[in-house]
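Trainee: pasting the structure only:
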Ligand SMILES: Cc1ncc(COP(=O)(O)O)c(C=O)c1O
């Protein structure tokens with residue numbers, strides 16, 4: 001293949017950036033200590049861990065003691081929802097509310113809470129992929145332990161009205177959790193100015209390694225730990241800390257936050273160029289979530305009638321272009337996306353959906369090439385005279 005491959009799956013994961021790797025390396029070498037040890041090696045690791053906690057906290061407008069490091073977004077979501085539910089059920093708050101467009105980590109944690117006796121409430125979502133604020137106000141009441149709505153949807157990029165939802169939850173005394181995994185590094189997150197109680201982020205979406213994340217737990221919020229067996233992180237998350245990854249995560253977080261605005265504009269113009277090029281050459285293509293008042297710039301989810309995602313993914317892959325059908329966790333499985341189904345996309349269109357997600361590796365040239373190849377592959381898939389794609 002003469003053209004370099006094009007990675008369009010940044011919402012699934014991103015490469016570790018050089019500065020992050022550099023920050024982590026000493027912790028695989030001489031700085032290998034256990035932060036719980038009293039000797040110099042331990043104290044050195046403890047200092048690095050404490051500093052990383054400070055730095056991640058600063059990126060969110062939080063205090064260091066409000067940050068609990070985890071193995072990633074999935075664990076963080078589980079700690080947030082199950083930890084809050086288990087702490088609050090004793091106080092007579094029996095409902096757990098969430099939206100049907102959440103990541104499976106949230107949906108499965110809510111289902112588990114229901115299994116443990118919670119009254120599970122699914123919130124209404126508009127056809128544009130945004131949680132309906134009025135319906136949220138009706139569903140989230142003084143019997144609700146926790147409401148969980150993601151900040152940015154990982155399949156269609158829609159930005160949720162987090163501020164209004166959090167404010168309502170607070171007004172009825174319910175906790176509000178937001179999965180900010182796809183929002184962090186894209187949207188300005190300041191927990192001092194928005195009344196979220198619990199918020200989750202993940203390292204590998206912002207060029208830190210896979211397997212590290214964090215949950216912000218506002219001071220005073222009752223969360224029962226999911227694991228038992230140690231006093232690390234004040235018992236909220238026992239187990240010897242992954243100092244190297246946490247240090248890398250802190251570096252990645254600082255860089256992502258510092259570059260956030262500029263990167264948003266860059267990605268937005270790349271996304272808009274790709275979207276316009278696709279619509280110009282494939283006018284019946286449907287862009288999911290396009291009607292939302294705000295979309296994160298890194299996700300473009302498109303269905304072309306008369307095609308199917310699996311064949312398109314394979315055809316694109318053969319041309320060196322990597323994207324996904326629905327979310328990464330679902331790629332490899334043929335079932336249509338629960339997000340698209342929840343926003344009323346027909347099964348035919350949902351089974352044609354492709355998620356192209358741009359990021360640090362995406363350039364103007366990548367977009368120009370995809371804009372050139374994609375319509376030709378669509379024609380081919382639809383059985384029309386195959387135009388040369390290369
Ligand atoms: C919105 C959202 N939440 C949670 C996760 C899970 O994060 P992790 O892969 O770090 O467990 C992802 C990853 O795809 C995501 O996009």
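Mentor: Nice, thanks for sending it over. Just so it is clear, the model here is predicted, and its values are computed rather than measured. Numbering: from 1, shown residues only.

Trainee: once you drop chain neighbours, what's closest to residue 73?
Mentor: residue 202 (3.4 Å; CB to CB, 6 or more residues apart in numbering). All C-beta spots, glycine's among them, are computed from the backbone N, C-alpha and C.

Trainee: same check, this time on residue 114
Mentor: residue 120 is the one closest to residue 114 (CB to CB, 6+ apart), at 4.0 Å.

Trainee: what secondary structure does residue 76 sit in?
Mentor: Under DSSP: H, G, I helix; E, B strand; the rest coil, the three-state class of residue 76 is helix.

Trainee: and the one 5 residues further on, by the same measure?
Mentor: Using three-state DSSP, the three-state assignment for residue 81 comes out as helix.

Trainee: surely it touches residue 103?
Mentor: No: in this structure, residue 81 is not within contact of residue 103 by CB atoms under 8 Å, at 11.4 Å.

Trainee: who's more crowded, these two?
Mentor: A count of neighbours by other CB atoms under 10 Å puts residue 81 above the other of residue 81 and residue 103, at 33 against 23.

Trainee: how close does the more buried one sit to the ligand?
Mentor: 12 Å (CB to the nearest ligand atom, to the nearest Å).

Trainee: before we move on, back to that, across the sheet, point out what pairs with the residue nearest to residue 73.
Mentor: residue 213 (DSSP bridges).

Trainee: enumerate every residue touching it.
Mentor: Going by CB atoms under 8 Å, 6 or more residues apart in numbering, residue 202 touches 72, 73, 76, 181, 184, 212, 213.

Trainee: doesn't residue 204 make contact with the first one?
Mentor: It stands for residue 72. Yes: between residue 72 and residue 204 there is a contact at 7.1 Å, judged by CB under 8 Å.

Trainee: what sits in contact with each of these two?
Mentor: With CB under 8 Å, 6+ apart, residue 72 and residue 204 have common neighbours 210, 211, 212.

Trainee: out of those residues, flag the one nearest to residue 297.
Mentor: Set against residue 297, the nearest of the shared contacts of residue 72 and residue 204 by CB to CB is residue 210 (22.9 Å).

Trainee: so the closest residue to that closest one other than its chain neighbours, which state does it fall into?
Mentor: Of all residues not flanking residue 210 in the chain, residue 204 sits nearest, at 4.1 Å (CB to CB, 6+ apart). Using three-state DSSP, the structure places residue 204 in helix.

Trainee: measure residue 204 to residue 219 for me?
Mentor: 27 Å (CB to CB, to the nearest Å).

Trainee: looking only at neighbour counts, state which of those two leads.
Mentor: Counted by other CB under 10 Å, residue 204 and residue 219 do not tie: residue 204 has more neighbours, with 22 against 9.

Trainee: pretty sure the more buried one contacts residue 211?
Mentor: Yes: the pair residue 204 / residue 211 is scored as a contact, 7.5 Å apart, by CB under 8 Å.

Trainee: so what sits against both of those two?
Mentor: In contact with both residue 204 and residue 211: residue 72, using CB under 8 Å, 6+ apart.

Trainee: okay, residue 332: pLDDT?
Mentor: At residue 332, the model reports a pLDDT of 56.

Trainee: for the residue nearest to residue 210, what are its contacts?
Mentor: Contacts of residue 204 by CB under 8 Å, 6+ apart are 13, 14, 72, 210, 211, 212.

Trainee: now the strands for the stretch 1-150 of the chain?
Mentor: 6-7, 67-70, 95-98, 119-122, 144-148 (DSSP state E, counting those that start in this stretch).

Trainee: for the ligand, which of these is the nearest?
Mentor: strand 67-70 (8.4 Å; CB to the nearest ligand atom).

Trainee: mean confidence (pLDDT) on that closest one, please.
Mentor: pLDDT averaged over strand 67-70 gives 98.

Trainee: which strands or helices does it pack on?
Mentor: Judged by 3 or more CB pairs under 8 Å, 6 or more residues apart in numbering; DSSP states H and E, strand 67-70 is in contact with helix 40-60, helix 73-88, strand 213-217.
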